[in-house]
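*Asks:* Have a look; sequence and predicted model below, questions after that.
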Amino acid sequence: MDYLKGLNDRQREAVLYGEGPLLVLAGAGSGKTKVLTHRIAYLIEQKGIFPGNMLAITFTNKAANEMKERTSDLLGGNIDGIWMGTFHSVCVRILRRYIDRIGFERGFSIYDRDDQIALMRECIGELDLREDDYKERHILNIISRIKDSMMSPNEYIDEKYMDPFKGNVKKLYVLYEEKLKDNNALDFDDLISKTVELFRTNPDVLEYYQQKFKYIFIDEFQDTNRAQYQLVKLLALGCKNLCVVGDDDQSIYGWRGADITNILSFEEDFPKAKIVKLEQNYRSTQNILDVANNIIKNNSGRMEKRLWTDNARGRRVVVENVLDSYEEAQFVIRKIEEHMREGYEPSDFAILYRTNAQSRIFEEAFMRNNIPYKLVGGLKFYDRKEIKDIVAYLRMIQNPVDDISLKRIINIPRRGIGKVTMEKLEEYANKIGTSIYDVLLDVENVPGLSTRAKNSLKAFVDMINRFIAMDEVMEIQEFIEEVVYGVGYIKELEDDGSIESQARLDNIKEFISVAIDFQVNNPEGTLEDFLANVSLLSDVDKTADVDNSVTLLTVHSAKGLEFPIVFMVGMEEGLFPIIRESEDKSEMEEERRLCYVAITRAEELLYISHARIRTIYGRTNYSRPSRFIDELPKELIDIGGQPNGGSYGRIGGNEAINPKEHLIKVKDLSERSVTPTRRSLIDQDQIREGVKVKHAKWGIGIVAQLRDRDDDKEATIIFDKVGMKRLLLSIAPIEIVKGG
DNA sequence: GCCCTCTTGTTCGAT
DNA sequence: ACAAGAGGGC
């Protein structure tokens, strides 16, 4: 196998570099994944390094899997021993083994945002801080930054000891940490910081992993935070065979603690580090690259880098001025249809936006036009109530002291354990300083409970104990089924019989099939592993590989991906760059890097659109084009739409629109959007349960229920793409699909 | 204990 | 615009 075939000089240098620290500054589209996979393959085959001695940290699990596949393709062999994953998944793997060394139990729970909020709400309540300044999310964000930067509560307050707000944040932080420990739970930030703590306090454990990981690779290094870098430095201390790959121009996670100085100070931390710059771009046309370079050059404090390409100049970048988001979606659809006639496939396109809220109107447009699409980050499968409930049961079984999970499910399905009973339980648990579960084990001691409440509680805790025993001997999928039937969840939904309950049952089935998949892929996997896996998937990981469809995603999610044709939408001041209270220079530079990331996703064609009016939070405002549009070189772009169609020139700012004026415009639009032929209504008698219909907006669906409603008939229809909807037959724009 | 209505915040990005 | 939480009535 020739690992050097098709590599340029710089790439080859990085692949063949021997021992010691290596920093690869890889510009967008410069083939960094190729370098990583070839280097790993080279080390395994030529240098005889055992895959089990390698650790590769990537940004998503999906990227890790791809890297694994590509590497094993190169070697024509199995490299399963290699540790590849995200920072979080790698840390969980280490903590599952050794966390008892720092006072937690191995079955610890991983708390997501909602769990954190529930816990913080308790903290705020206990400290009597229910004021506007102490919102759960806000405090959690501050604490998250403190943890990212590896500060203890004392270090945080020492700097700012005069500030009463910060004093209270410190108190909340301390209490929050205490409660996490009481619940035997870790939040996302803890997964990193507790691993660092484990290594610092247990030299033997650190030494074990230092010995194990003789070669370490970190992808997207510019997006690591301080805690992550500490972790990497500790691990690499032994061998110093640390290879980091990154691009300071693509640092877009400053808001969650990513520290761009990590990449800038790598040379200081590792004085003998070799630095290789990859500057040849293989992805984009000359035009796209020139546009990207013109944007990013407006930032200061960058590392010297000059991206170039041998690719053709290509078509010009199109900047389109549209009236509003509705027209913007129409524009995108029209262009996609045009290009598909040229031979492009749906999977060749991506729509990139700044905020997830922008996705909806595009989804509707794609459905209406029957173009297949997939939404990254919008699929809230794991956020559904029924899934969270089941996960809470599983967590509680695995980690009975997890009060947050217990409180979530103790009365689901209803068992007559109400608010008053819970208050008594919690009060008693607080008094004797144990978990609610421990109190339940000896429920007779709790003062003030009725016999009925005690009986319900006993039945509950007996059931949980049965599950704890079963978990020891059962396969995951079998066990989950045992739980969902055993707790009466399925029965309650079945008895209810509504369409909503049916949808929930389907979701539970889907969850069970996720468990089956997991079991197939991880024959040795335990319930803990499964739960960690469920918690740590990124949105990109969760998005199913729908065949040949347009991708809709945020710019952040698009990092690391590429598409032949890219639409950047909503390029307006206040939206991209997004408006902030404090307009800080470094924040504006991060917005610009984000813009650079978006542009460099495009291989062949790039469309940039901005609307003259935009509705955000239900408010409609005039908007100006993004300043980034002004930064585009005029000679490389084509301007489309109606350059002077809006009045933003006169108003000059994003000002609120006279509501009446806007109503008129909306009315005009809606009239335009109705297809006159749809007015001929269907023969209502033909609509029966089980009939297949097609809706103008939501596509294909099956009639599930039909009932009289006033003088009309209301049909409940399950659509393939949007799920259940209730429609009045007299006005619904549906038609019967023949042969269905 | 449950259901309904009203209020509130939310969406900037995500493990 | 919309969802989730709070609060009041039953």
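*Replies:* Yep, that arrived.
*Asks:* what about residue A:237, distance to DNA strand C?
*Replies:* Separation of residue A:237 from DNA strand C (Cβ to the nearest atom of the strand, to the nearest Å): 44 Å. C-beta: built from backbone N, CA, C; applies to glycine.
*Asks:* whoops, residue A:328 was the one
*Replies:* As for residue A:328, its distance to DNA strand C is 16 Å (criterion: Cβ to the nearest atom of the strand).
*Asks:* For that residue, grab the count of nearby residues.
*Replies:* Each residue near residue A:328 was counted by other Cβ atoms under 10 Å, and the total is 28.
*Asks:* in the stretch 201-350 of chain A, what residue is nearest DNA strand B?
*Replies:* Here the residue of the stretch 201-350 of chain A nearest DNA strand B is residue A:255; by Cβ to the nearest atom of the strand that distance is 3.0 Å.
*Asks:* With chain A instead?
*Replies:* Scanning chain A for the residue nearest DNA strand B gives residue A:418, at 1.0 Å (criterion: Cβ to the nearest atom of the strand).
*Asks:* Is it correct that that residue is in contact with residue A:410?
*Replies:* No. Taking Cβ atoms under 8 Å as the contact criterion, residue A:418 and residue A:410 are not neighbours in contact, 10.0 Å apart.
*Asks:* more crowded one of the two?
*Replies:* residue A:410 (23 against 12).
*Asks:* Not counting sequence-adjacent ones, nearest residue to the more buried one?
*Replies:* In space, not counting the residues next to it along the chain, residue A:410 is nearest to residue A:417; the distance is 5.3 Å by Cβ to Cβ, 6 or more residues apart in numbering.
*Asks:* From DNA strand C, how far off is the residue most central in space within chain A?
*Replies:* Nearest residue to the geometric centre of chain A (Cα atoms, centre = their mean): residue A:539, 3.6 Å. The spacing between residue A:539 and DNA strand C, counted by Cβ to the nearest atom of the strand, is 17 Å.
*Asks:* cool, residue A:469 as well?
*Replies:* 33 Å.
*Asks:* Please report the number of neighbouring residues for that residue.
*Replies:* Using other Cβ under 10 Å, the number of residues around residue A:469 comes to 11.
*Asks:* Then residue A:66?
*Replies:* Here the neighbour count serves as a burial measure; for residue A:66 (other Cβ under 10 Å) it reads 16.
*Asks:* Just give the closest residue to it, not the sequence neighbours.
*Replies:* residue A:33 (7.7 Å).
*Asks:* Assumed that neighbour was part of a helix.
*Replies:* Yes. For residue A:33, which was evaluated using DSSP: H, G, I helix; E, B strand; the rest coil, the result is membership in a helix.
*Asks:* That one contacts residue A:70, correct?
*Replies:* Yes. With contact defined as Cβ under 8 Å, residue A:33 and residue A:70 form a contacting pair (7.3 Å).
*Asks:* interface residues of the stretch 301-450 of chain A facing DNA strand B?
*Replies:* Taking Cβ under 7 Å from any atom of the strand, the part of the stretch 301-450 of chain A that reaches DNA strand B is made up of A:354-357, A:377, A:411, A:414, A:416-421.
*Asks:* Going by residue numbers, what spans are strands in the stretch 201-350 of chain A?
*Replies:* For the stretch 201-350 of chain A, the strands defined by DSSP state E, counting those that start in this stretch occupy A:215-218, A:242-246, A:274-278, A:317-322, A:349-353.
*Asks:* Nearest to DNA strand C, out of those?
*Replies:* Closest to DNA strand C of these is strand A:349-353 (Cβ to the nearest atom of the strand; 16.5 Å).
*Asks:* Name the residues of the next helix or strand after that closest one that are buried.
*Replies:* Sequence order places helix A:359-368 as the next helix or strand after strand A:349-353, per DSSP states H and E. Within helix A:359-368, the residues that qualify as buried are A:359, A:361-363, A:365-368, counting by 16 or more other Cβ atoms under 10 Å.
*Asks:* With respect to residue A:545, which of these is nearest?
*Replies:* For residue A:545, the nearest member of the buried residues of helix A:359-368 is residue A:366. The distance, counting by Cβ to Cβ, is 17.4 Å.
*Asks:* Go ahead and confirm the closest one touches residue A:550.
*Replies:* Yes. Using Cβ under 8 Å as the test, residue A:366 is close enough to residue A:550 to be in contact (6.6 Å).
*Asks:* Return every residue with contacts to both of those two.
*Replies:* Overlap between the neighbourhoods of residue A:366 and residue A:550 consists of A:372-373, taking contacts as Cβ atoms under 8 Å, 6 or more residues apart in numbering.
*Asks:* where do the helices sit along the stretch 301-450 of chain A?
*Replies:* Using DSSP state H, counting those that start in this stretch, the helices of the stretch 301-450 of chain A run over A:325-342, A:359-368, A:385-398, A:403-409, A:419-432, A:436-441.
*Asks:* Look through every helix and strand of chain A and give the one with the lowest mean pLDDT.
*Replies:* helix A:659-673 (a mean of 32; mean pLDDT, DSSP states H and E).
*Asks:* quick one, what contacts the closest residue to residue A:529 other than its chain neighbours?
*Replies:* The shortest distance from residue A:529 to any non-neighbouring residue, by Cβ to Cβ, 6+ apart, is to residue A:522 (6.3 Å). Residue A:522 makes contacts with A:529-530, A:533, as judged by Cβ under 8 Å, 6+ apart.
*Asks:* right, and out of those, which lies closest to residue A:288?
*Replies:* Ranking the contacts of residue A:522 by separation from residue A:288, with Cβ to Cβ as the measure, puts residue A:533 on top at 37.1 Å.
*Asks:* Isn't that closest one up against residue A:515?
*Replies:* No. Under the criterion of Cβ under 8 Å, residue A:533 makes no contact with residue A:515, lying 9.9 Å away.
*Asks:* quick one, which of those two is more surrounded?
*Replies:* Applying other Cβ under 10 Å to residue A:533 and residue A:515 shows that residue A:515 carries more neighbours, namely 22 against 19.
*Asks:* Please name the residues that touch residue A:308.
*Replies:* A:279-281, A:289.
*Asks:* With residue A:32 as the reference, measure out to it.
*Replies:* In this structure, residue A:308 lies at 16 Å from residue A:32, with Cβ to Cβ, to the nearest Å as the measure.
*Asks:* can you check residue A:621 too?
*Replies:* 40 Å.
*Asks:* can you check residue A:500 too?
*Replies:* Distance from residue A:500 to residue A:32, by Cβ to Cβ: 47 Å.
*Asks:* neighbour-wise, which of those two wins?
*Replies:* Set side by side, residue A:500 and residue A:32 give different neighbour counts by other Cβ under 10 Å, the larger being at residue A:32 (22 against 13).
*Asks:* Check whether the more buried one really touches residue A:277, as I assumed.
*Replies:* No. Counting by Cβ under 8 Å, residue A:32 stays clear of residue A:277, with 11.2 Å between them.
*Asks:* Could you name every residue contacting both of those two?
*Replies:* Taking Cβ under 8 Å, 6+ apart as the contact definition, residue A:32 and residue A:277 share the neighbouring residues residue A:24.
*Asks:* In the stretch 251-400 of chain A, which residue sits nearest DNA strand C?
*Replies:* When Cβ to the nearest atom of the strand is the measure, the stretch 251-400 of chain A has its nearest residue to DNA strand C at residue A:383, with 7.4 Å between them.
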